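**Q** Quick one, what's the 3D model for this:
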Amino acid sequence: MVDIFNMQTADYADVRDETAFAAEQISIDRADQHFAVMDSDRLLARCSVWWRDTANVDGNSTGAIGHYAATGEESGKAVLDHACRELQNRGCALAIGPLDGNTWRRYRLITERGDAKPFFLEPDNPDEWPDHFRGSGFHTLANYVSEINPQIAVRQPELGSLRQKFANLGVVIEPINGADSAHDMDGIYDVICESFKDAFLYTTLDQESFQQMYAPLLQQVDPRLLLVARHAGRVVGFVFAPPDYLQQSYHGRIDTIVIKTVAILPDNRYRGLGRLLIVDMLANALEMRYTTAVSALMQTDNRSQEISSACAGPMRRYELFARSLQS
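**A** The predicted structure follows:
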């Protein structure tokens, strides 16, 4: 007999879970509720929902559906429909998924895979999952792409007079300060909050949570791939491009970096600084014997994709879905 249950982390101890869910994520990601479709002790589908501290879309309150997995379309539809009813009961006008609460965490589904292998920090999913959402009344809310530049030695953003402009302004670009990384991390946090505050689905994240989520990752990467731009001692921009660590298991070597984040303070004086940060980081990557760069998980038609598309080609497409909860 198939049933839908409210689940807690401890409940997974007695579950046969073919989706290999790390149940502690329910509390780590502060989910408001978690549901599972069960056939006896076998898990068929699961998801978490969030209705507190979620983003507004066009003035409408939203609920997030994340931690999604399903072994089949029927069980997937059952858990998605159940989640939507719960979010509607909580006063949400729009359900968004897959989204693990906010865009600081995992979200989106691959909808056009292409031939390239998964890369470091990329979300992955079975190819049928997008149809689970579409079949449950969801539509595309936003589109995203990853692009690949297989020849970073010869394909780089054009700078024109930008290097001289920022030299005259007194902006200095250098690797993160290993001797005082905490100060630079504080500056990086400020830049992210300011540069993304008007971004689609942005929600605030307190500094302590940011440190817990990102500091270990940022600090494991060679500083030459985490460049910081400073002006009068203040961090005003940065680029973060870790190696594609997954390549080691595919090819026995790593020749690719993943351009994960480029962020600049929203000040007209710093217009073009992202290009300069990328070019300087690519120079470092070449010295480190990397040949290829992936520009990762960009929302289509934004500034980052404009810069990337000038020197990189299509690799993968993703979608984020939404369903109206208004009757």
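**Q** Bridge partners for E112, pull those for me.
**A** Note on E112: beta-bridge partners by DSSP bridges are R317.
**Q** from what I can see it touches R317, true?
**A** Yes. With contact defined as CB atoms under 8 Å, E112 reaches R317; the gap is 3.8 Å. All C-beta spots, glycine's among them, are computed from the backbone N, C-alpha and C.
**Q** Looking at the two, which is more packed in?
**A** Between E112 and R317, R317 has the larger neighbour count (other CB atoms under 10 Å), namely 17 against 13.
**Q** Next up, the contacts around that one.
**A** 110-112, 143-145 (CB atoms under 8 Å, 6 or more residues apart in numbering).
**Q** Just the buried subset of those, written out for PyMOL, thanks.
**A** Filtering the contacts of R317 down to the buried ones (16 or more other CB atoms under 10 Å) takes a single PyMOL command:
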select buried, resi 110+111+144+145
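**Q** Return the closest of the contacts of R317 with respect to E306.
**A** Nearest to E306 out of the contacts of R317 is V145 (CB to CB; 11.8 Å).
**Q** And the contacts of the strand or helix carrying that closest one?
**A** Element membership for V145, per DSSP states H and E: strand 139-149. Contact with strand 139-149 is made by 57, 96, 108, 116, 119, 122, 155, 200-201, 292-300, 305, 308-309, 311-323, as judged by CB under 8 Å, 6+ apart.
**Q** same question, stretch 153-172
**A** 149, 173, 229-232, 236, 269-270, 272-273, 275-276, 278-279, 282, 286, 291, 307, 310-312.
**Q** same thing with stretch 225-234?
**A** Contact with stretch 225-234 is made by 166, 169-177, 184, 187-188, 218, 235-243, 257, 264, 270, 273, 276-277, 280-281, 284-285, 288, as judged by CB under 8 Å, 6+ apart.
**Q** Which of those residues fall within helices?
**A** Cross-referencing the contacts of stretch 225-234 against helices under DSSP state H gives 166, 169, 184, 187-188, 218, 273, 276-277, 280-281, 284-285.
**Q** now the residues you listed in TSV, with distance to R253 and neighbour count?
**A** Shown next, in TSV, are the ones in helices among the contacts of stretch 225-234 (distance: CB to CB, whole Å; neighbours: other CB atoms under 10 Å):
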residue	distance to R253	neighbour count
F166	35	23
L169	40	14
D184	30	21
G187	34	22
I188	30	24
L218	24	21
L273	32	26
L276	29	24
L277	26	25
D280	24	19
M281	20	25
N284	19	18
A285	15	24
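**Q** now these in JSON lines, with pLDDT and distance to D41?
**A** JSON lines is the format used below for the ones in helices among the contacts of stretch 225-234 (pLDDT from 0 to 100; distance: CB to CB, whole Å):
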{"residue": "F166", "pLDDT": "98", "distance to D41": "61"}
{"residue": "L169", "pLDDT": "98", "distance to D41": "64"}
{"residue": "D184", "pLDDT": "90", "distance to D41": "49"}
{"residue": "G187", "pLDDT": "95", "distance to D41": "50"}
{"residue": "I188", "pLDDT": "95", "distance to D41": "45"}
{"residue": "L218", "pLDDT": "77", "distance to D41": "41"}
{"residue": "L273", "pLDDT": "98", "distance to D41": "55"}
{"residue": "L276", "pLDDT": "97", "distance to D41": "57"}
{"residue": "L277", "pLDDT": "98", "distance to D41": "52"}
{"residue": "D280", "pLDDT": "98", "distance to D41": "55"}
{"residue": "M281", "pLDDT": "98", "distance to D41": "50"}
{"residue": "N284", "pLDDT": "98", "distance to D41": "52"}
{"residue": "A285", "pLDDT": "98", "distance to D41": "49"}
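**Q** just those now: which is nearest C92?
**A** For the ones in helices among the contacts of stretch 225-234, the minimum distance to C92 (CB to CB) is 32.2 Å, reached by I188.
**Q** Which stretches in this protein count as helices?
**A** Under DSSP H, the chain gives helices at 25-28, 73-89, 129-135, 162-169, 181-196, 207-220, 247-251, 273-287, 303-309.
**Q** Compare the mean pLDDT across these and name the weakest.
**A** Of all these, the minimum mean pLDDT falls on helix 303-309 (a mean of 73).
**Q** Run through the protein and note the low-pLDDT ranges.
**A** For the chain, the stretches flagged by pLDDT under 70 are 1.
**Q** redo that, cut-off 90
**A** 1-3, 157, 177-183, 211-220, 251, 301-312, 327 (pLDDT under 90).
**Q** Around the nearest residue to P98 once chain neighbours are set aside, count how many other residues there are.
**A** Excluding the flanking residues, the one nearest P98 by CB to CB, 6 or more residues apart in numbering is Y68, at 4.5 Å. Neighbouring residues of Y68 were enumerated by other CB under 10 Å; the total is 24.
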